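1. Quick one: sequence plus predicted model below, questions after.
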Amino acid sequence: MNWYNLFYWVTRADSVKDFFDTTSNIFTFFAIVSFSVVVLMSAHAQGMIADNNLKTEEEEKVNPDVRGYKLMRRYFATIFYSTLGLALSTWTGYVFTPTKKETLLIIAAGGTMQYLTTDSTAKQIPHELSTFVLTELKSMAKDAQVDLGIASQKDKILEQAKSMTAEQIMDRMKTDTTFAKVILDK
């Protein structure tokens, strides 16, 4: 396995996801606009047919205005289907591209599970010991959330407040409404 390649793509995961997000929004916008134009062109062409009392398709084909609107409708329908296909493919890319955090979880959990299921030594670990290790891992993960900065904003604010005096808390509540809401539990 080429580790440079793996770590390169792990670091690029968020950028790739952002690219898919931006392009999917752009293509979706153009698909909606082109669909609206197709609907308006169709309605206007039908109005022209009614206004000119055109009864048959032959009369419609001869009338240059109706022909022009139908041709423009066909062009915009082609644009609509193209942008719809691009929008769907980029939305799919957005949905199925993991973030950096998700990528690291996939790699770490996959590697750990692969080791535990295939290694003969790991299979010999007693059940009690595996339960203990699992409990310790959960405890470490809880501690690591704060170390890695993944803790929720509420937890961060409460931790900050623990080290402050009452006067400092009151001053901070006057200037920071989010801090005040968390402290007052609103």
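-> Done, it's in.

2. C-alpha only now, for contacts and for neighbours.
-> Noted.

3. Could you list every helix and strand in contact with the lengthiest helix in the chain?
-> Counting residues, the longest helix found in the chain (DSSP state H) is helix 3-51. On a contact count with 3 or more Cα pairs under 8 Å, 6 or more residues apart in numbering; DSSP states H and E, helix 3-51 meets helix 64-96, helix 100-118.

4. what pLDDT, on average, does the first one get?
-> So that's helix 64-96. The average pLDDT for helix 64-96 rounds to 91.

5. Now do the buried residues in that helix.
-> Residues of helix 64-96 classed as buried: 66, 69-70, 72-73, 76-77, 79-80, 83-84, 86-87, 89-91, 93-94 (neighbour count, 16 or more other Cα atoms under 10 Å).

6. Show me how far that helix is from its chain's centre.
-> 23 Å (Cα atoms, centre = their mean, to the nearest Å).

7. tell me what that helix is packed against?
-> Helix 64-96 sits against helix 3-51, helix 57-62, with contacts defined as 3+ Cα pairs under 8 Å, 6+ apart.

8. and residue 116, which of those helices is closest to it?
-> Closest to residue 116 of those is helix 3-51 (Cα to Cα; 21.4 Å).

9. angle of that closest one against helix 64-96?
-> Orientation of helix 3-51 against helix 64-96 (axes from the mean of the first three to the mean of the last three Cα atoms, to 10 degrees) gives an angle of 150 degrees.
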